[in-house]
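# structure for the following, please:
(8 chains, ligands or ions: 12)
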There are 8 protein chains.
Amino acid sequence: GFARLDVDRARRTGDPEVVFGQGKTPEQIVGALTTLHASHPERAILATRLDGEARDAIRLALPDADVDDVSRTAVLGPLPTPSGRVLVVAAGTSDAPVAAEAMITARVHGTSAERVDDVGVAGLHRLLAVRDRLDDADALIVVAGMEGALPSVVGGLTGVPLVAVPTSIGYGTGAGGLAALLAMLNSCAPGIAVVNVDNGYGAGVHAARIARRARPRDAV
Amino acid sequence: GFARLDVDRARRTGDPEVVFGQGKTPEQIVGALTTLHASHPERAILATRLDGEARDAIRLALPDADVDDVSRTAVLGPLPTPSGRVLVVAAGTSDAPVAAEAMITARVHGTSAERVDDVGVAGLHRLLAVRDRLDDADALIVVAGMEGALPSVVGGLTGVPLVAVPTSIGYGTGAGGLAALLAMLNSCAPGIAVVNVDNGYGAGVHAARIARRARPRDAV
Amino acid sequence: GFARLDVDRARRTGDPEVVFGQGKTPEQIVGALTTLHASHPERAILATRLDGEARDAIRLALPDADVDDVSRTAVLGPLPTPSGRVLVVAAGTSDAPVAAEAMITARVHGTSAERVDDVGVAGLHRLLAVRDRLDDADALIVVAGMEGALPSVVGGLTGVPLVAVPTSIGYGTGAGGLAALLAMLNSCAPGIAVVNVDNGYGAGVHAARIARRARPRDAV
Amino acid sequence: GFARLDVDRARRTGDPEVVFGQGKTPEQIVGALTTLHASHPERAILATRLDGEARDAIRLALPDADVDDVSRTAVLGPLPTPSGRVLVVAAGTSDAPVAAEAMITARVHGTSAERVDDVGVAGLHRLLAVRDRLDDADALIVVAGMEGALPSVVGGLTGVPLVAVPTSIGYGTGAGGLAALLAMLNSCAPGIAVVNVDNGYGAGVHAARIARRARPRDAV
Amino acid sequence: GFARLDVDRARRTGDPEVVFGQGKTPEQIVGALTTLHASHPERAILATRLDGEARDAIRLALPDADVDDVSRTAVLGPLPTPSGRVLVVAAGTSDAPVAAEAMITARVHGTSAERVDDVGVAGLHRLLAVRDRLDDADALIVVAGMEGALPSVVGGLTGVPLVAVPTSIGYGTGAGGLAALLAMLNSCAPGIAVVNVDNGYGAGVHAARIARRARPRDAV
Amino acid sequence: GFARLDVDRARRTGDPEVVFGQGKTPEQIVGALTTLHASHPERAILATRLDGEARDAIRLALPDADVDDVSRTAVLGPLPTPSGRVLVVAAGTSDAPVAAEAMITARVHGTSAERVDDVGVAGLHRLLAVRDRLDDADALIVVAGMEGALPSVVGGLTGVPLVAVPTSIGYGTGAGGLAALLAMLNSCAPGIAVVNVDNGYGAGVHAARIARRARPRDAV
Amino acid sequence: GFARLDVDRARRTGDPEVVFGQGKTPEQIVGALTTLHASHPERAILATRLDGEARDAIRLALPDADVDDVSRTAVLGPLPTPSGRVLVVAAGTSDAPVAAEAMITARVHGTSAERVDDVGVAGLHRLLAVRDRLDDADALIVVAGMEGALPSVVGGLTGVPLVAVPTSIGYGTGAGGLAALLAMLNSCAPGIAVVNVDNGYGAGVHAARIARRARPRDAV
Amino acid sequence: GFARLDVDRARRTGDPEVVFGQGKTPEQIVGALTTLHASHPERAILATRLDGEARDAIRLALPDADVDDVSRTAVLGPLPTPSGRVLVVAAGTSDAPVAAEAMITARVHGTSAERVDDVGVAGLHRLLAVRDRLDDADALIVVAGMEGALPSVVGGLTGVPLVAVPTSIGYGTGAGGLAALLAMLNSCAPGIAVVNVDNGYGAGVHAARIARRARPRDAV
Ligand SMILES: Nc1ncnc2c1ncn2[C@@H]1O[C@H](COP(=O)(O)O)[C@@H](O)[C@H]1O
Ligand SMILES: Nc1ncnc2c1ncn2[C@@H]1O[C@H](COP(=O)(O)O)[C@@H](O)[C@H]1O
Ligand SMILES: Nc1ncnc2c1ncn2[C@@H]1O[C@H](COP(=O)(O)O)[C@@H](O)[C@H]1O
Ligand SMILES: Nc1ncnc2c1ncn2[C@@H]1O[C@H](COP(=O)(O)O)[C@@H](O)[C@H]1O
Ligand SMILES: [Mg+2]
Ligand SMILES: [Mg+2]
Ligand SMILES: [Mg+2]
Ligand SMILES: [Mg+2]
Ligand SMILES: [Mg+2]
Ligand SMILES: [Mg+2]
Ligand SMILES: [Mg+2]
Ligand SMILES: [Mg+2]
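Residues are numbered from 1 along each chain as shown, chains lettered A, B, ... in the order given. Ligands and ions are numbered 1, 2, ... in the order given. Sure thing, here's the model as predicted:
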């Protein structure tokens, strides 16, 4: 038989059901999406970490699903009405898959989500040019690989709650994301919280939970 | 001369000035508190990671400061009016210093803060007994050493934004907090964000920023 | 020539012969099974860590062998009469191969073995629903990847001897199973013993040795 | 106030209450022992990882307690009637404190406990001389530092359930016990389960739970 | 007898003799300074990593030596005429000892040396305010602990040769300087070279060798 | 859309634009080269870490580009007039790709570059035979894998600024380049600065910045 | 051009030339063997770490070479007259490639070499059965993966010089050979020296140098 | 009671008894020396890793013992007639304690032992000046901290059996001796065998076993 699906999560936490695709067969994933959608047709179901085969299988079996190749996700069922604003800030082009996963996750978890890319710290003028948008968000997700310095700089520019995502982009001692993770955990900018390497999903959930409960900004 | 104090942080981020006491002489700490207090007498200044000598020096030189031996902090100047509620949940007795640092930090950063202690996962009934209080908070700080399992269990019970703090409590492979840190980064409960080992300060700032912008709970 | 097979183990330890398939050619594995079976036709021989090619070769050469694709094992010869009860408790779907290896190993080593799946700590109600079965076992094997928190929670609910198996399920800092291993070694639940990452075999042997010598439960 | 004591453990697991002394003040330890003893005067309470100051405070405040300097433990209240036999096997003189902690823990958890010392693998004749005693036990605890090879050799000589304890005895790459821990986790002897470095307590609980439920040996 | 002093270094490399004080007795250090000074009275000799006792012994035995408590160095003999300009840029107050060691080393190795402090990346305006001075140097030494982000930001603002020094300032996963070291090795700013944690000396030598051979800046 | 290209770097740092090919599609790389070349046709653009597919795509789409299979780089646009001399010294045959990346990078960044190969420390006479060429350079790049000892020996023979590049050549504990990296960071030869494992690019930039500002050698 | 071949090694060290095949193309390897053989036709040349392609190329181009698939080596030219005896002792079947590389290396370096396999410590009787052969050797090479305990046991049985080779055989925390390496470095048996993981070559050279200079055993 | 002393080692291995002083009380050490000396008054007993207190206790209780403060050893009983020559080569002054432990150990184990100091690779001329003495030895012990490069250079100059000892001399990433250990394990010089960090004892035993069985050099 299948996994003991946790169909009750929404009641406990207000969050949608999510299928973690890694290490599952395409059949298991399609099956889980089908079952969860059947029990909650009025809610969006998210599937993450889908390889090419899994995405193909979903496109075939569940034509209504919204399948995305960059974020490697699929969404089945209607998106919730958004409340609050999440801004995803990414250091480099190669961080795009993680940033995209964070965005779609935040959106499925009930908030709106926008993105700013290629604002790595080695060319500071790029970040300073978008500085105003940082303060307009209810929650920030900052994605960076290599030395992972971007959250420190962003965190020094604004007091908006910020969650940092290290990516595995890098080579030599940077391969695997340890350098970026350590940098973010040891940031001298205050209040930065961190998720696992490449965990755009976790950052999206954290930020959405903040944003969807935030006071409207003119009320702050 | 002294450090180039970052006296402008409040305007940029809404946060108070904070002095990081580790690696500074008592004189440097008293000097920094004095200077910062002089430029912002209407705000609270926080000092963290104060050893015994530093706390004695502050008590002597700045009798108005509120010095605490458990959290190893000092506060100088009036506390802000609190907005929102932070709940600090700690696994064991030995996690108290970190939990206390998180609480005082959250309070100085503009929110109210309460605490629940000794609800480690090896005796689940203790946590289940306080379950209602979890959902009443605007942000949760979960502090645990050893295997760091508490955030996973709390995170499965509620959808309130949760930041986890690993502590260095443990021995053998647990000494230094790596086991707890890795557990929290790899939690199967969604949306958990993590700070550095023993960084109650960072968790307090992150949670306060969330709570003080949260919609009043009856409005959620 | 072949390996110097340790055909004498049963006399010394009461355990069956076991062939470790990893790093051996299909021919070497079939040869070892054949030789061991010839010298002890009345006992079950177990082979573990068999890749697809090895399983195919065994199915072809030894049609009487019981080959299993999930646990990646083969058993040749009659199973022993079971004595005592082992319960295998697994956190997630992806932990199934390791849980299955533990079960078949325990069974071949002389005890009965049952399984409970998908009771990860982020949805506690699932574990609490099967709580009674924990106390009915003579030995527990608890299998978990990611943050490896399940043994701590199970270990707090029962006094049955418990051996924990970390799995390599995870990504980022969780890839390879280090996070789960450290969590289990540092559990605040008392008396938890641990085997190597993905070592369902070792846990199965340990639990079987306990269960097959246990006093019948009504006698406890 | 104090820690939320887990006074209910005996009912759930059959185990006594235990106070973990590390990181607690002498006052906290004496207080916990006093409270726990008051609620269960008919049971033994164990305290572990007591430094010199804590042991002095217990000797003064609780003269009935049995305080031991080698294992750094204290026991308050009557020991249970033993059932089953645990044998503690230690590689070297320097492993004595960990071996002693394992023994007293096993005894307090309801089983009898004996010890064999100085049987390290570099002088094999010493172990072979006591070989018979291995098979007579219901559970074995094998304690070793340095390269941690002893459990592999013992585990190849007997089928009695065996839990291994790495110690932090060593220097250079051996300091801290990692070499011994890895050796034990990767033992080619089947069925060896491992606890944290220097965790004599955990091994004692695990072995006692096995031994006290074991069928009397003539019945095996 | 003494160490085989490398009295010939100046001829081979143009650099002065240097005594590495760590792990030497005060007598050994005073002896080495005396011998080296006797054979090259016209050159400066540098001693580094001097603890309090060593500094006291030098002050007593060699009153002409210039002993500094912050950098923990001593200089004996006349300083060389400086050629070229090194600028030392430090992130925080606690990085001062390493920054000071880099400065004195650069000066003894034949170049002038200046310093800018407290320009950590969490308050970017502080660095931007001194931006002009970066381009005026012939070589930059950038010193930072915690997440070690400063070299990435400085390296993006200027094309002056830059050597980065991670410091051991930090706690939790930041203790020991690994986070800062990895950040600097993985910087996305091009051309950053790195020395060992806390190795202000090595950075000073590297920068001095660059600066003292640099074309005068108006000639660039 | 594409990455936010940092087209302004030359003005800020005097360096050319560089495209980091790893983790980019051939189309993204060709696109970036085309765009950058269009905005600065008078300057060389460098692309690094190009796999076979990317090199093929560039050869097809940009026939004017200079594509090299050993260094895995491409150059588009006219090379700058060289100023100063960089010498690349490599320990073994297998270090050639990294040494070649360093050479072409140095050349594109405005200096001349030569190479000496196969002068590993286990056959010292080979290095001693080319000793004169070391002192003739304005900057040295020393490339070595395995135990990474070459920079220590070269650094003891000359005072020319030296940047060391560890390579990932090795096996067992040497795989990945950690042994070489640590050796270089801990060199007892003074003034050695280090870049990430296999980062020939970073060493090339660092050395070129030194060499192109160096005083002509007869003027030293 | 080719690598700067170290054709002079024999004069300096008495050892033959050796080609390290890893990371070289088949052409480079065949070329190196041809050149070295041409300059020393009277001596054996050894090539190690040859993958399938390289071995095929050698078989084709140099039919006189002795190519071996288990040890992945080739020998070209006449073997030297052996002096002294090396015994290679291996723990398990999977350690065969490393043991074979050690044997052929020792033989090429001027000594005779024999082998004993499958004497892992979990079945001690196997080793005790061959105990006499240990004392008959002039040098011992002990090869083991997993927990690497075999050298400790052998080293306690004999005073013959012993070099230990950890292999990468294992999984989970044993993958890569770290557990075996640490065990061997921390052996409580005196005088054990260790080479890199899977470095049968290095052990072969070390043992051959000992054996070929050893006094004939009846003269000891 | 005491440790189970291994009084039989000499018969098995030809080596003297040795007491490992670390982690033993002065009384235990004096007791062990006394017992061992009583049973073998005609042989030397060695004690290593003696702290100041232990050395004082030995001087008082056993005035005939030869106690040395640099190597932190004591020898009781007559030294054996030496056979063969060991040469200890040390890189720096700070490596003296380890080099001294290696020397005295080799001497007690039946060979003569000499020393060359301060021949680190950053000043190559110092090593080249003593090159002849390398070839005159029957076994070499090479001791180095920091980057541990000395064995690679020595190993390239001679074919004498060589055992390398990494020391814990260093700081930053070099603290603890890991850099030196890895360098020695990954040496490109053939045949280098390695012992644990700071294990002069182990190197002394290994080298003595080689030297005392070596053919007299004129007979080689
Ligand atoms: N306990 C703490 N852990 C980490 N960062 C801290 C802590 N306390 C203060 N800080 C940060 O350190 C800054 C002050 O550093 P300093 O100027 O060195 O006193 C504050 O603004 C905080 O951002
Ligand atoms: N999955 C496994 N993990 C660890 N050890 C195993 C496993 N399967 C078998 N073994 C051990 O490997 C031994 C057989 O090794 P071999 O002779 O190489 O087949 C068995 O007796 C077991 O002790
Ligand atoms: N091989 C390399 N290693 C490290 N960084 C590089 C390398 N090649 C290019 N870069 C850096 O990466 C930047 C370009 O990144 P991107 O915009 O992602 O192509 C360049 O400006 C360089 O600073
Ligand atoms: N410095 C040392 N490092 C490692 N092992 C040692 C050292 N000194 C003695 N030993 C070993 O420890 C054994 C004695 O241990 P013990 O019985 O605890 O005194 C000796 O026989 C040696 O094998
Ligand atoms: Mg980045
Ligand atoms: Mg906990
Ligand atoms: Mg889990
Ligand atoms: Mg041991
Ligand atoms: Mg910093
Ligand atoms: Mg090299
Ligand atoms: Mg083995
Ligand atoms: Mg050295």
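# quick one: distance of stretch A:36-51 to the chain centre.
Centroid separation for stretch A:36-51 versus its chain: 16 Å, with CA atoms, centre = their mean, to the nearest Å.
# now do the end-to-end distance for that stretch.
Distance between the boundary residues of stretch A:36-51 (CA to CA, to the nearest Å) amounts to 20 Å.
# for that stretch, buried residues please.
A:36, A:37, A:43, A:44, A:45, A:46, A:47, A:48, A:49, A:50 (16 or more other CB atoms under 10 Å in any protein chain shown). C-beta: built from backbone N, CA, C; applies to glycine.
# what helix or strand is the last one on?
Counting by DSSP states H and E, there is no helix or strand that carries residue A:50.
# list the contacts of the nearest residue to it once chain neighbours are set aside.
Closest residue to residue A:50 apart from its sequence neighbours, by CB to CB, 6 or more residues apart in numbering or on different chains: residue A:21 at 4.3 Å. By CB atoms under 8 Å, 6 or more residues apart in numbering or on different chains, residue A:21 lies in contact with A:29, A:47, A:48, A:49, A:50, A:51, A:54, A:72.
# how close does residue A:21 get to chain G?
24 Å (CB to the nearest CB, to the nearest Å).
# please report the distance of that residue from residue A:71.
Residue A:21 is 12 Å from residue A:71, where distance means CB to CB, to the nearest Å.
# and if you look at residue A:121?
24 Å.
# same check on residue A:139?
Counting by CB to CB, the gap from residue A:139 to residue A:71 is 18 Å.
# which one's more surrounded, these two?
residue A:139 (31 against 24; other CB atoms under 10 Å in any protein chain shown).
# may I have the phi/psi pair for the more buried one?
Backbone dihedrals for residue A:139, given as degrees, to the nearest 10, come out at phi -150, psi 140.
# repeat for residue A:68
phi -120, psi 130.
# pLDDT score for residue A:214?
pLDDT for residue A:214: 97.
# beta partners for it?
Beta bridges link residue A:214 to residue B:214 when assigned by DSSP bridges.
# any idea how far residue A:22 is from chain G?
Residue A:22 is 19 Å from chain G, by CB to the nearest CB.
# report how many residues lie close to that residue.
The burial count for residue A:22: 15, using other CB under 10 Å.
# who touches stretch A:38-50?
A:7, A:10, A:16-22, A:29, A:32-33, A:36-37, A:54, A:58, A:67, A:71-80, A:101, A:104-105, A:108, A:201, C:171.
# gap between residue A:80 and chain D?
Distance from residue A:80 to chain D, by CB to the nearest CB: 39 Å.
# who are the contact partners of the single nearest residue of chain A relative to ligand 12?
Using CB to the ion, the single residue of chain A nearest to ligand 12 is residue A:173, 22.3 Å away. Residue A:173 makes contact with A:179, E:182, E:185, E:186, F:177, F:178, F:181, F:196, F:197, according to CB under 8 Å, 6+ apart.
# could you do residue A:160 as well?
Applying CB under 8 Å, 6+ apart, the residues contacting residue A:160 are A:134, A:135, A:137, A:138, A:139, A:140, B:209.
# three-state assignment of the second one?
Pointing back at residue A:135 there. helix (DSSP: H, G, I helix; E, B strand; the rest coil).
# that one: how many residues sit nearby?
Residue A:135: 16 neighbours (other CB under 10 Å).
# who touches it in this structure?
With CB under 8 Å, 6+ apart, residue A:135 has these contacts: A:158, A:160.
# 6 Å instead?
residue A:158 (CB atoms under 6 Å, 6 or more residues apart in numbering or on different chains).
# center of chain A - which residue?
Geometric centre of chain A, nearest residue: residue A:102, 1.4 Å, by CA atoms, centre = their mean.
# show me how far the helix or strand harbouring that one is from its chain's centre.
Using DSSP H and E, residue A:102 sits within helix A:96-108. Centroid separation for helix A:96-108 versus its chain: 4 Å, with CA atoms, centre = their mean.
# which helix or strand lies directly C-terminal to it?
strand A:112-116.
# direction included, what does that next one pair against?
Going by DSSP bridges, the partners of strand A:112-116 are strand A:85-90 (parallel).
# how about the strand it pairs with as CSV, C-alpha atoms only?
Provided in CSV are the C-alpha atoms of strand A:85-90 (Å, rounded to 0.1, in the frame of the first residue of the first chain):
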residue,chain,number,x,y,z
ARG,A,85,3.6,40.1,0.2
VAL,A,86,6.8,37.9,0.0
LEU,A,87,9.8,39.1,-1.9
VAL,A,88,12.4,36.6,-3.1
VAL,A,89,15.9,38.1,-3.6
ALA,A,90,18.4,35.9,-5.5
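# how far away is residue A:118 from residue B:98?
Distance from residue A:118 to residue B:98, by CB to CB: 37 Å.
# which one's more surrounded, those two?
For residue A:118 and residue B:98, the more surrounded residue by other CB under 10 Å is residue B:98, and the numbers stand at 29 against 19.
# show the contacting residues for the more buried one.
B:143, B:165, B:167, B:198, B:200.
# what number of residues lie near the second one?
Using other CB under 10 Å, the number of residues around residue B:165 comes to 36.
# tell me the secondary structure for it?
Residue B:165 ends up strand, using three-state DSSP.
# and it, what is it in contact with?
Counting by CB under 6 Å, 6+ apart, the residues that residue B:165 touches are B:98, B:143, B:195, B:200, B:203.
# beta partners for the second one?
Here residue B:143 sits in beta bridges with residue B:90, residue B:165, as judged by DSSP bridges.
# count the neighbours of it for me.
33.
# from what I can see it touches residue B:90, true?
Yes: the pair residue B:143 and residue B:90 qualifies as a contact (CB atoms under 6 Å) at a distance of 4.4 Å.
# so what sits against both of the two?
residue B:99.
# give me the element residue A:46 is part of.
Assigned by DSSP H and E, residue A:46 falls in strand A:45-48.
# can you name the element that comes right after that strand?
helix A:52-61.
# for that next one, which positions count as buried?
Going by 16+ other CB under 10 Å, helix A:52-61 has these buried residues: A:54, A:55, A:57, A:58.
# for stretch A:73-84, same thing?
A:73, A:74, A:75, A:76, A:77, A:80, A:82, A:83, A:84.
# circling back to that earlier point, I'd like the contacts of residue A:160 laid out as CSV, including pLDDT and distance to residue H:128.
Formatted as CSV, the contacts of residue A:160 follow (pLDDT from 0 to 100; distance: CB to CB, whole Å):
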residue, pLDDT, distance to residue H:128
A:134, 96, 61
A:135, 95, 66
A:137, 97, 65
A:138, 98, 69
A:139, 98, 65
A:140, 98, 60
B:209, 98, 64
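# are any of those buried, and which?
By 16+ other CB under 10 Å, the contacts of residue A:160 give A:134, A:135, A:137, A:138, A:139, A:140, B:209 as buried.
# and the closest residue to ligand 2 within chain A, how far is that from residue C:126?
Nearest residue of chain A to ligand 2 (CB to the nearest ligand atom) works out as residue A:23 at 19.4 Å. For residue A:23, the distance to residue C:126 equals 19 Å [CB to CB].
# cool, and residue A:180?
Distance from residue A:180 to residue C:126, by CB to CB: 35 Å.
# for the two, indicate the residue with more neighbours.
Between residue A:180 and residue C:126, residue A:180 has the larger neighbour count (other CB under 10 Å), namely 35 against 20.
# please pull out the lowest mean pLDDT helix or strand from chain A.
Every helix and strand of chain A was ranked by mean pLDDT, DSSP states H and E. The lowest is helix A:9-13, at a mean of 66.
# sorry, back to before: dump the buried residues of stretch A:73-84 to a markdown table, plus distance to chain E, pLDDT and secondary structure.
Listed next are those as a markdown table, based on distance: CB to the nearest CB, whole Å; pLDDT from 0 to 100; DSSP: H, G, I helix; E, B strand; the rest coil:
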| residue | distance to chain E | pLDDT | secondary structure |
| --- | --- | --- | --- |
| A:73 | 27 | 98 | strand |
| A:74 | 32 | 98 | strand |
| A:75 | 32 | 98 | strand |
| A:76 | 37 | 98 | strand |
| A:77 | 39 | 97 | coil |
| A:80 | 35 | 96 | coil |
| A:82 | 31 | 97 | coil |
| A:83 | 30 | 96 | coil |
| A:84 | 26 | 98 | coil |
